[in-house]
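Engineer: I'll drop the sequence and a predicted model, then ask my questions.
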Amino acid sequence: MAVIPVAPGGRSYEVRVGPGLLAETGSQAAPFLRKDTVPVVADRNAWDAHGDSLSASLADAGKTAALYLVTPGEGSKSWTGLETLIDWLLEQGVERGDHVLALGGGVVGDLTGFACAILKRGCGFVQLPTTLLSQVDSSVGGKTAINTAAGKNLVGAFHQPSLVLADTDCLSTLPAREMRAGYAEVLKYGVLGDAEFFDWLDRHGQAVLAHDGAQLEEAVARSVAAKARIVAQDERETSGARALLNLGHTFGHALEAETGFSDRLLHGEAVALGMVLAARYSARRGELAQDDASRIAEAVSAAGLPSEIAALGLSCSGEGLAGHMMHDKKMDAGTLPFILLKGIGEAHLAHDVDIADVAHFLSGQLQAH
């Protein structure tokens, strides 16, 4: 088991990574479980796959789960979903000193974390992420949110978990597409700030995707450690350091919006393609060597992730995609900063990007083959 401390703003919690952790939840999370009945918010699919193990673990610790099931998909991260969950937590008598367990992927983690952030002005929660995407990204760092009609994750709060148990055995039940989508975020850490990790993934990425135990644990632990370092520097994304984690997301969110935030393009797939676009746009600006942009595209493609926007068969224009970006929550004083690259492992925040030029670039990408 790898243990990675996360220490934002003088506070600290642990992310524990390894096999078999879910079956140890009762003992691992014991310091946070004050009452005999423990509220558990779970994705329906995650509960079907792992509910028995979690229940048995709690029973071994003398606890009983009070279960709230969440329908899989981004649609659950809504005002209605939030209201319904908060009403249920209040019915359970959750107090400020209590902790809620969140079992599932990013949707459950985001929804539960936001509910806990505002319930009685803040109660605790423990993340039990069951997807690769949530283990290496959304469960770490305290960003919680819901979606609105105006866009994704526009209403939320920074609320750190008290503990994260990332059980790599849970990933064995993931569909291959979901595993690849999570791998996009793993690859992102190498591209944005660790060229050596990028090279390591070039050698071991297929083993990670094939659920090789040792390689998978190392990939998750190194990804979490990379995010922990950035979150410790800039918890609330005010200095620019944490903004680097958005590599691929500005382009990716525009693609998600164009595809209706649907299964047509999963979030991790959008991020993967967004990284390729960010790399190509960086090369267009003369900041990144074309060979490096090609290496990034090749790494994305080798993982079975989309690397060509034209292959999506979108009917929109470059201007239409750029228009989606204007609703990005990172907009500041009418300008949108972009995360671009000077090299593999060298991301930076650019404030001088002309949206019209981005639209022209995207028009070319839409037509490329």
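Structural biologist: Good, I have the coordinates.

Engineer: in three-state terms, how would residue 15 be classified?
Structural biologist: Following DSSP: H, G, I helix; E, B strand; the rest coil, the label given to residue 15 is strand.

Engineer: can you check residue 166 too?
Structural biologist: In the three-state summary, residue 166 is assigned as strand, counting by three-state DSSP.

Engineer: got the confidence number for it?
Structural biologist: The model reports residue 166 with a pLDDT of 98.

Engineer: residues near it, how many?
Structural biologist: If you count neighbours by other C-beta atoms under 10 Å, residue 166 ends up with 30. Glycine gets a C-beta too; all of them are placed from N, C-alpha and C.

Engineer: which residues touch the nearest residue to it once chain neighbours are set aside?
Structural biologist: Using C-beta to C-beta, 6 or more residues apart in numbering and skipping the chain neighbours, the partner closest in space to residue 166 is residue 135 (4.1 Å). For residue 135, the contact set (C-beta atoms under 8 Å, 6 or more residues apart in numbering) comprises 17, 129, 166, 168, 171, 182, 220, 224.

Engineer: so the residue located most distally from the centre of the chain: helix, strand or coil?
Structural biologist: Distance from the centre of the chain peaks at residue 62, with 32.5 Å (C-alpha atoms, centre = their mean). Each residue gets one of three states, and residue 62 gets coil by three-state DSSP.

Engineer: so the residue nearest to residue 166 lies in a strand, does it not?
Structural biologist: No: in this structure, residue 135 is helix, not part of a strand, as judged by three-state DSSP.

Engineer: what's the separation between the residue farthest from the centre of the chain and residue 38?
Structural biologist: Noted for residue 62: a distance of 10 Å to residue 38, by C-beta to C-beta, to the nearest Å.

Engineer: now swap in residue 163 and tell me
Structural biologist: Where residue 38 is concerned, residue 163 sits at a distance of 13 Å (C-beta to C-beta).

Engineer: those two: who's more crowded?
Structural biologist: For residue 163 versus residue 38, the count of surrounding residues by other C-beta under 10 Å is larger for residue 38: 25 against 20.

Engineer: give me the pLDDT value at that one.
Structural biologist: With respect to pLDDT, residue 38 has a value of 98.

Engineer: confirm that it sits in a strand.
Structural biologist: Yes: if the criterion is three-state DSSP, then residue 38 is within a strand.

Engineer: who does it form a beta bridge with?
Structural biologist: Counting by DSSP bridges, residue 38 is bridged to residue 65.

Engineer: that one and residue 160, how far apart?
Structural biologist: Here the criterion is C-beta to C-beta. By it, residue 38 lies 19 Å from residue 160.

Engineer: again, but for residue 319
Structural biologist: When C-beta to C-beta is the yardstick, residue 319 and residue 160 sit 39 Å from each other.

Engineer: in contact with residue 225, which residues are there?
Structural biologist: Residue 225 makes contact with residue 4 under the criterion C-beta under 8 Å, 6+ apart.

Engineer: could you look up the SS state of it?
Structural biologist: Classification of residue 225 by three-state DSSP places it in helix.

Engineer: so what's residue 69 bridging to?
Structural biologist: When assigned by DSSP bridges, residue 69 has beta-bridge partners residue 42.

Engineer: mind listing what's buried in the worst-scoring helix or strand of the chain on mean pLDDT?
Structural biologist: For the chain, using mean pLDDT, DSSP states H and E, the weakest element among its helices and strands is strand 151-158, scoring a mean of 90. Across strand 151-158, burial judged by 16 or more other C-beta atoms under 10 Å covers 151, 152, 153, 155, 156, 158.

Engineer: I figured the fourth one hits residue 146, correct?
Structural biologist: So the one you mean is residue 155. Yes: using C-beta atoms under 8 Å, residue 155 is in contact with residue 146, at 5.4 Å.
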